[in-house]
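J.: attaching a predicted model along with its sequence, questions to come.
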Amino acid sequence: MLLNTPENVSKKLYFWVANLKDMFYQENFQQFKNLEVKLYLSREEIEGYNFWRMNFENEVFEKDSEFYICWNPGVVEGAKTSLNSKGYTQVFSEEF
């Protein structure tokens, strides 16, 4: 989706993996204009990365935001429920 989003549109990417060794595409994020990236590691505490899991409870997004979530079914359903309860309707997902 990032590839098809105009450069002048501000974007946020929340990227969560267990360990630093699992982090991929990190160097590619720099090619996108107006992209804010928040990287999360749930099993390692490393400076420059958020520790534990993403939490949308304290985040504020524009009402017309689109969300693309890919993770295990429990995490996907929890994130979708949280976002839908805040009135976000454009929540897309893939489970594995």
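T.: That came through, no problem.

J.: so which residues of this structure form helices?
T.: When secondary structure is read from DSSP state H, the chain shows helices at 73-85.

J.: the most centrally placed residue in it and residue 2, how far apart?
T.: With distances taken as C-alpha atoms, centre = their mean, residue 14 lies nearest the centre of the chain, 2.5 Å away. From residue 14 over to residue 2 the distance is 13 Å, taken as C-beta to C-beta, to the nearest Å. Every C-beta, even on glycine, is put in place using the N, C-alpha and C of the backbone.

J.: how about residue 41?
T.: 21 Å.

J.: before we move on, what about residue 87?
T.: Taking C-beta to C-beta, one finds residue 87 at 24 Å from residue 2.

J.: so the two - more neighbours on which side?
T.: A direct count of neighbours by other C-beta atoms under 10 Å for residue 87 and residue 2 places residue 2 higher, at 12 against 7.

J.: what's near enough to touch residue 49?
T.: 20, 39-41 (C-beta atoms under 8 Å, 6 or more residues apart in numbering).

J.: and stretch 79-96, how far apart are its ends?
T.: Counting by C-alpha to C-alpha, to the nearest Å, you get 15 Å between the two ends of stretch 79-96.

J.: list the buried residues in stretch 14-31.
T.: Judged by neighbour count using 16 or more other C-beta atoms under 10 Å, the buried positions of stretch 14-31 are 14-17, 23.

J.: out of these, who's nearest residue 67?
T.: Using C-beta to C-beta, residue 14 comes nearest to residue 67 of the buried residues of stretch 14-31, at 9.2 Å.

J.: the closest one contacts residue 54, doesn't it?
T.: Yes - taking contacts as C-beta atoms under 8 Å, residue 14 lies within contact range of residue 54: 5.1 Å.

J.: which residues are in contact with each of those two?
T.: 38, 40.

J.: who's in contact with the residue nearest to the centre of the chain?
T.: 38, 40, 54.

J.: hmm, try it at 10 Å
T.: 36-40, 50, 54-56, 59, 67, 69, 79 (C-beta atoms under 10 Å, 6 or more residues apart in numbering).

J.: over to residue 75?
T.: 16, 53-54, 69, 93, 95.
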